[in-house]
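Novice: let me see the structure of the following:
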Amino acid sequence: MELLIIVLLIEALLVFFGVYIIYGSLFKTPFYPSSTKLLDRLIDSKLIELPSVVNMIDIGSGDGRIVRWGLKRGFMSTGIEFNPFLTLASKVLMLGNKKGKILNIDFFNHNFNEYNLAYMYIYSEFIDKLETKLFNEMPLNSIIVTNTFKFSNRNPDIIFEKLYIYKIK
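Specialist: Got it, this is the predicted structure:
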């Protein structure tokens, strides 16, 4: 009986993983984890001046690791993720944490006016579609950090390893 339960659990996990892979392929929402160590080096380098109160959003938050990283840094942190499987995983990983939020919505329908720091590790086609929205909605002096992919219509203010930093002026 125990063996049957174990086999059924493994099969359920494989089915869940298969559906996740198909969903990610269909909607172009693959999961590429970000390095919190790289963000630590950026913040510790003092290349960017953060406000005394940081309200951060991770756009395409995946498993929520950047949201959890922000919370450890003392930031108010929100993640926004389109993939419901990744949203579920990140909410499970954040159980017991009442300060961070993970939203399962399309980021094109979200208002970014309350955030002064945005982080993204998403495909360039999505970054370019979000550029105008972010620069119009985020407050002056806000910072946008993109990982690996950059806005094609705008030069970054700072380049730090594979991070592109933009200041809203």
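
Novice: any idea how far residue 164 is from residue 134?
Specialist: From residue 134 over to residue 164 the distance is 13 Å, taken as C-beta to C-beta, to the nearest Å. From N, CA and C alone the C-beta is placed, and that goes for glycine too.

Novice: what residues sit buried inside stretch 42-52?
Specialist: In terms of neighbour count (16 or more other C-beta atoms under 10 Å), stretch 42-52 has its buried residues at 42, 48.

Novice: now stretch 130-150
Specialist: For stretch 130-150, a neighbour-count test (16+ other C-beta under 10 Å) marks 130-131, 134-135, 137-138, 142-147, 149-150 as buried.

Novice: end-to-end on that stretch?
Specialist: 11 Å (C-alpha to C-alpha, to the nearest Å).

Novice: quick check: mean pLDDT of it?
Specialist: Averaging pLDDT along stretch 130-150 yields 96.

Novice: circling back: secondary structure added to the buried residues of stretch 130-150, as JSON lines?
Specialist: As requested, the buried residues of stretch 130-150 are exported to JSON lines (DSSP: H, G, I helix; E, B strand; the rest coil):
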{"residue": "130", "secondary structure": "helix"}
{"residue": "131", "secondary structure": "helix"}
{"residue": "134", "secondary structure": "helix"}
{"residue": "135", "secondary structure": "helix"}
{"residue": "137", "secondary structure": "helix"}
{"residue": "138", "secondary structure": "coil"}
{"residue": "142", "secondary structure": "coil"}
{"residue": "143", "secondary structure": "strand"}
{"residue": "144", "secondary structure": "strand"}
{"residue": "145", "secondary structure": "strand"}
{"residue": "146", "secondary structure": "strand"}
{"residue": "147", "secondary structure": "strand"}
{"residue": "149", "secondary structure": "coil"}
{"residue": "150", "secondary structure": "coil"}
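
Novice: thanks again, I'm all set now.
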